[in-house]
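**Q** everything below, folded, please.
(one chain, ligands or ions: 1)
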Amino acid sequence: MKIARFSRIGFIMAAAGSAVGLGNIWKFPYIAGEYGGGAFVLVYLLTVLLIGFSIMIAEMLIGYLGRMDTVSSFEELAPVNKHLWKFGGFQSLAGLFIMIFYSVVIGWIFNYIITSLTYLPATPKEAEIVFNSMLHTDFITQFFYHTVAFIWITYVLNKGLKGGIERMNFYLMPALMIILAGMFAYATTLGAFSQAVAFMFAPDWSKITSEAFVTAVGHAFFTLSLGMGAIMTYSASLEKDANLVKNAFWVVFLDTTIAIVAGLMLFTFLYQYGSGPAKGPGLVFISLPAAFYEMGIVGNVFAILFFVALAFAGLTSSVSLVEPMVQYFIDRFSWSRLRASLSMGLFFWFFGIFAILSNIDGAKEYLTWGGKSFFDWVDYVTAAIMLPLGGLIMAVFVGFIIPKSKVESVMKSQLKWAFEPWYFSLRYITPIAMFVVMLSLMGVL
Ligand code: TRP
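**A** Predicted coordinates:
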């Protein structure tokens with residue numbers, strides 16, 4: 001049973017804090033770069049608008065009506081076959097799985113905050129050596145910072161919804177926005193800014209392969225935190241008279257704006273001082289530090305601020321990835337918050353160690369299957385299979401299982417004329433799109 005309720009602004013901050021994460025600042029720029037910019041960005045934006053927004057409302061509605069952990073909410077709201085539908089809630093396990101690599105990446109970021117205090121690599125080549133030697137040889141550093149991330153996240157979760165999650169988001173989200181806004185303002189004064197705009201917004205349709213298309217759709221899910229019950233769990237603590245459409249709008253708006261702003265800023269720096277839109281996951285860990293070096297003293301300050309902002313984004317998302325399972329053990333098994341937070345934390349901390357080892361020379365041979373390391377497998381299985389599957393289940397659940405009259409009673413007055421289009425999209429457009437995405441990602445198509 002829930003007693004704690006988010007404040008109005010607290011909910012938006014927490015949900016936006018969940019959505020704005022490593023996906024926006026680390027992943028989005030490098031996949032946009034990889035798939036050629038403009039057209040990819042357009043597909044992503046359209047997916048966010050046409051599918052993401054309506055699933056966001058659906059996920060909020062399940063939490064808002066269910067008022068409990070994800071498993072109990074599904075069970076409560078299904079008129080028949082409750083025991084089957086409750087498995088919809090076990091999607092939340094995906095959050096713990098994502099944390100296995102998410103926490104390791106936050107560890108890298110902590111390490112980069114500390115090292116940027118005294119050192120920036122002078123060339124992209126040097127930056128690459130620094131990153132790769134951490135990744136492939138330095139177990140101790142990765143283990144240490146991964147453990148720091150685990151302690152931080154578990155500590156905040158243990159403080160609860162209001163005293164922990166809401167409070168952290170209340171400070172870190174504005175700080176993140178201020179840092180990014182300041183760096184973005186600086187970027188607009190540089191000559192390369194227009195190049196970055198052209199790269200991000202001029203669509204080159206020849207670059208849109210089916211893989212690019214599917215990646216863009218999948219990313220829209222990941223970046224909006226959809227499909228595993230993070231938004232659902234937060235929504236169980238919404239005030240009774242909350243307007244779901246307005247809340248969903250703000251979350252989608254902030255998440256998308258921050259992704260675009262971060263992308264434009266990074267590409268400006270890379271065009272102006274670096275080697276252009278670099279490809280691959282090393283973008284912010286390799287190409288960017290070298291560009292910061294070229295910027296001189298401003299770059300030194302920016303490097304620290306940038307990695308601090310990135311850490312904030314990652315931490316506020318992390319708590320939302322773990323909270324659904326914490327809530328589950330509290331609601332269903334009457335665990336104390338401490339016991340639930342610590343157990344969930346220890347789970348991702350333990351398996352995170354193997355994610356680190358799966359990149360370490362000498363160990364990775366034992367943790368690689370079918371050309372993918374354990375680290376990559378976790379990323380792939382969660383993003384490619386679990387999240388789209390979760391989105392599909394939620395769309396079908398709200399579209400077909402919860403009685404329409406119940407859905408209408410909350411949503412009709414909020415959506416007005418848009419109610420029928422929204423409902424139609426949940427019933428037909430979203431499930432079909434999700435199904436296609438899943439098949440393509442699994443390599444079946
Ligand atoms: N949206 C976050 C990001 O962009 C990641 C994330 C947090 C997430 N909570 C989630 C992804 C729930 C899927 C589901 O980095």
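
**Q** run the chain-centre distance for the longest helix along the chain.
**A** In the chain, with assignment by DSSP state H, the single longest helix is helix 297-333. Mean-position distance between helix 297-333 and its chain equals 10 Å (Cα atoms, centre = their mean, to the nearest Å).

**Q** kindly report the same for stretch 422-438.
**A** For stretch 422-438, the distance to the chain centre is 21 Å (Cα atoms, centre = their mean).

**Q** check stretch 185-204 too.
**A** Worked out by Cα atoms, centre = their mean, stretch 185-204 lies 25 Å from the chain centre.

**Q** what comes into contact with it?
**A** Stretch 185-204 is contacted from outside by 32, 36-39, 41-42, 260, 263-265, 267-269, 271-272, 277, 298, 302, using Cβ atoms under 8 Å, 6 or more residues apart in numbering. C-beta: built from backbone N, CA, C; applies to glycine.

**Q** strands - which of those residues land there?
**A** Here DSSP state E is the test, and those give no hits in strands at all.

**Q** now, of those residues, which are buried?
**A** Buried subset of these (neighbour count, 16 or more other Cβ atoms under 10 Å): 32, 36-39, 41-42, 260, 263-265, 267-269, 271-272, 277, 302.

**Q** keep only those of those that are in helices.
**A** 32, 38-39, 41-42, 260, 263-265, 267-269, 271-272, 302.

**Q** which one of those residues is nearest to residue 134?
**A** residue 302 (20.7 Å; Cβ to Cβ).

**Q** hang on, isn't that closest one packed against residue 292?
**A** Yes - counting by Cβ atoms under 8 Å, residue 302 touches residue 292, with 5.7 Å between them.

**Q** report the buried residues of the longest helix of the chain.
**A** Those would be 299-300, 302-331, for helix 297-333 by 16+ other Cβ under 10 Å.

**Q** of the contacts of stretch 185-204, which are in range of the ligand?
**A** Counting by Cβ under 6 Å from any ligand atom, nothing from the contacts of stretch 185-204 sits close to the ligand.

**Q** got the residues of the stretch 151-300 of the chain near the ligand?
**A** Checking the stretch 151-300 of the chain against the ligand by Cβ under 6 Å from any ligand atom, the hits are 222, 223, 225, 227, 228, 230.

**Q** residues in contact with the first one?
**A** Going by Cβ under 8 Å, 6+ apart, residue 222 touches 23, 27, 383, 387.

**Q** what's the answer for the fourth one, then?
**A** With contacts defined as Cβ under 8 Å, 6+ apart, residue 227 is in contact with 55, 59, 91, 94, 221, 386, 387, 388, 389, 390, 391, 394.

**Q** got it, and the third one?
**A** With contacts defined as Cβ under 8 Å, 6+ apart, the neighbours of residue 225 are 15, 18, 19, 21, 231, 317, 320.

**Q** kindly recompute the last result at 10 Å.
**A** 15-21, 23, 56, 59, 95, 231-232, 234, 251, 255, 317, 320-321, 387 (Cβ atoms under 10 Å, 6 or more residues apart in numbering).

**Q** same deal with the fifth one?
**A** Residue 228 sits next to 59, 70, 89-98, 221-222, 320-321, 324-325, 382, 386-387, 389-391, 394 when contact means Cβ under 10 Å, 6+ apart.

**Q** now swap in residue 7 and tell me
**A** Going by Cβ under 10 Å, 6+ apart, residue 7 touches 13, 14, 162, 166, 170, 239.

**Q** again, only this time at 8 Å
**A** Here residue 7 is in contact with residue 166 (Cβ under 8 Å, 6+ apart).

**Q** what's the answer for residue 94, then?
**A** Contacts of residue 94 (Cβ under 8 Å, 6+ apart): 227, 228, 382, 386, 387, 390.

**Q** again, but for residue 141
**A** Residue 141 neighbours (Cβ under 8 Å, 6+ apart): 111, 134.

**Q** is the helix or strand hosting residue 18 anywhere near the ligand?
**A** Here residue 18, judged by DSSP states H and E, is contained in helix 8-19. Yes - using Cβ under 6 Å from any ligand atom, helix 8-19 reaches the ligand at 18, 19.

**Q** mind giving me the packing neighbours of that helix?
**A** helix 167-188, helix 230-235, helix 244-273, helix 297-333 (3 or more Cβ pairs under 8 Å, 6 or more residues apart in numbering; DSSP states H and E).

**Q** any chance of those in a markdown table with mean pLDDT as columns?
**A** A markdown table is the format used below for the helices and strands packed on helix 8-19 (pLDDT from 0 to 100):
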| stretch | mean pLDDT |
| --- | --- |
| helix 167-188 | 96 |
| helix 230-235 | 97 |
| helix 244-273 | 95 |
| helix 297-333 | 96 |
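
**Q** tabulate those (TSV), appending distance to residue 128.
**A** Formatted as TSV, the helices and strands packed on helix 8-19 follow (distance: least, Cβ to Cβ, whole Å):
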stretch	distance to residue 128
helix 167-188	23
helix 230-235	34
helix 244-273	14
helix 297-333	16
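
**Q** looking at these, spot the one closest to residue 125.
**A** Set against residue 125 and scored by Cβ to Cβ, the helices and strands packed on helix 8-19 come closest in helix 244-273, at 15.2 Å.

**Q** average pLDDT for the next helix or strand along the chain from that closest one, rounded please.
**A** Of the helices and strands lying after helix 244-273 in sequence (DSSP H and E), the nearest is helix 288-294. For helix 288-294, mean pLDDT rounds to 91.

**Q** only alpha carbons, please: show helix 288-294 as CSV.
**A** This file holds the C-alpha atoms of helix 288-294, laid out as CSV (Å, rounded to 0.1, in the frame of the first residue of the first chain):
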residue,chain,number,x,y,z
LEU,A,288,34.8,14.6,-26.9
PRO,A,289,37.7,14.7,-24.4
ALA,A,290,40.1,15.4,-27.2
ALA,A,291,37.9,18.2,-28.5
PHE,A,292,37.8,19.7,-25.0
TYR,A,293,41.6,19.6,-24.9
GLU,A,294,41.6,21.7,-28.1
